[in-house]
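Engineer: here is the input, now give the coordinates:
(one chain, ligands or ions: 2)
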Amino acid sequence: MNYQRSVTNPSSEEKLLQSVPSRYYTDPALFQQDKEKIFYRTWQYMAHVSEVVQPGDFITRRIIDQEFVITRDNDGKLHCFYNVCQHRGHTLTKGDGNCKLIVCPYHAWSYRLDGSLNIARNAENVPGFDKSAIHLNEVQLEEFCGFIFVNMKDDAPSLKGMTGDLEQEILEYVPYIRDLRMVGETLLNHSCNWKVTTENFNECYHCAVVHKTYISKMVALDKYRVIPNGITLRHYSVGHPKEVAAYKYDPLHGGKGDQFATWYIWPNVAISCFPGGIVSVRHFRPLEVRKTVYAYQWFRDAATPEQDVKDLMQRHHDTNGMEDLAIVNGVQEGLESNGYDIGPLLVDRERSEKSEHGVAHVQALYREAIGLSV
Ligand code: FES
Ligand SMILES: [Fe+2]
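Structural biologist: Ligands and ions are numbered 1, 2, ... in the order given. This next block holds a predicted model:
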């Protein structure tokens, strides 16, 4: 018997919320559904614009089983194409680099940086071959706060349009966000479904239990707030005084001094601004139903000492990174148990730092995306 479904909170008008059933975290067929209904249709983080600066620069990136090449053409315009030749389907690029033309390794068809076909060997001797009709398969690309997002859905509304004043708010914190350069990236292999990772990210109920260093030295837990709105969840707090002192932050450098903010954009990326204006991106990359890569990228502008960013990167990896790794793996193991299906979400009246309303919000977005009513 599943008693949890019928529990209500007697002291509140609000109904006690219940989590998404565990099979949505363990069933490979439901992961395929997540892929098609969510990752093929939403704005997906790819890179910072500084990774594709010069005409001819290209980067190769994946979203689960789909690979893309992002180019900057000779007019300075960014493009994103499926990384596949339109002849007989060989993949085109590997890694990052610079080129004048994209040349297929199979029969050496070449494409211009805007995706148009340049040369198809021997095509001039083939009746009916129309070179102008062939073009790399392009997907929507949008530059948002200096970050490159793409969307495989042709008619998806713009990310800016879907996020209201978010870009303006981020620019108030980090006016120089387009000038950032990546300092480094750490990758953690989570042995769990992507939703375990992203739900864990959107609540600080576990912080007092799991992240002792974080709350005693890095961020003020009692001021930590998560504010959901549409496809975004905004996390705010202030840097712990010890943290601010230890890293010699210039309070005038970033737009908001010692303030800490994270802007989570559904379904799987978060941009953060740390005290002093250091920026990070956390990108949660689903691979399989029980495999997710937690990519943690760190950026700085010319005014921020590189060593400060490297120190912060290492400390986040050693503390929150490793601590959350153990937690999410433990959750996945539990979700496989026949002794668990759904559980209550502790959404408190104040939406305090201990509240799980952020989890409830991402689960509501999930239910809506896949058409789930339970
Ligand atoms: S598959 Fe690319 S040139 Fe033939
Ligand atoms: Fe955590």
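
Engineer: mind pulling the model confidence for the closest residue to Ser116 other than its chain neighbours?
Structural biologist: Of all residues not flanking Ser116 in the chain, His135 sits nearest, at 5.6 Å (Cβ to Cβ, 6 or more residues apart in numbering). C-beta here means a position set from N, CA and C on the backbone, and glycine is covered the same way. At His135, the pLDDT value in this model is 98.

Engineer: thought His135 was touching Arg112?
Structural biologist: No: assessed by Cβ atoms under 8 Å, His135 is found out of contact with Arg112, at 9.5 Å.

Engineer: between these two, who's got more neighbours?
Structural biologist: Taking neighbours as other Cβ atoms under 10 Å, His135 and Arg112 compare with Arg112 leading, 18 against 15.

Engineer: now the residue nearest to the more buried one when sequence neighbours are not counted: phi and psi?
Structural biologist: Spatial nearest neighbour of Arg112, chain neighbours left out: Asn118 (5.2 Å); criterion: Cβ to Cβ, 6+ apart. Torsion angles at Asn118 (phi, psi; degrees, to the nearest 10) stand at phi -90, psi -60.

Engineer: contacting residues for Asn118?
Structural biologist: With contact set as Cβ atoms under 8 Å, 6 or more residues apart in numbering, Asn118 has these partners: Leu101, Ser110, Tyr111, Arg112.

Engineer: also Tyr111?
Structural biologist: Leu92, Leu101, Ile102, Val103, Cys104, Leu117, Asn118, Leu136.

Engineer: filter those down to the buried ones.
Structural biologist: Leu92, Ile102, Val103, Cys104, Leu117, Leu136 (16 or more other Cβ atoms under 10 Å).

Engineer: of those residues, closest to ligand 1?
Structural biologist: For the buried ones among the contacts of Tyr111, the residue nearest ligand 1 by Cβ to the nearest ligand atom is Cys104; the value is 3.1 Å.

Engineer: what about the closest one, distance to Thr198?
Structural biologist: Separation of Cys104 from Thr198 (Cβ to Cβ, to the nearest Å): 36 Å.

Engineer: and His317, by the same measure?
Structural biologist: Shown here: His317 relative to Thr198, a distance of 19 Å by Cβ to Cβ.

Engineer: and if you look at Lys354?
Structural biologist: From Lys354 to Thr198 the distance is 19 Å (Cβ to Cβ).

Engineer: same thing with Cys80?
Structural biologist: Counting by Cβ to Cβ, the separation of Cys80 from Thr198 is 23 Å.

Engineer: now swap in Val362 and tell me
Structural biologist: Taking Cβ to Cβ, one finds Val362 at 6 Å from Thr198.

Engineer: got the residues of the stretch 1-150 of the chain near ligand 1?
Structural biologist: Residues of the stretch 1-150 of the chain lying near ligand 1 by Cβ under 6 Å from any ligand atom: Cys85, His87, Arg88, Gly89, His90, Cys104, Tyr106, His107, Trp109.

Engineer: residue nearest the centroid of the protein?
Structural biologist: What sits nearest the mean C-alpha location of the chain, by Cα atoms, centre = their mean, is Val269, with 1.9 Å.
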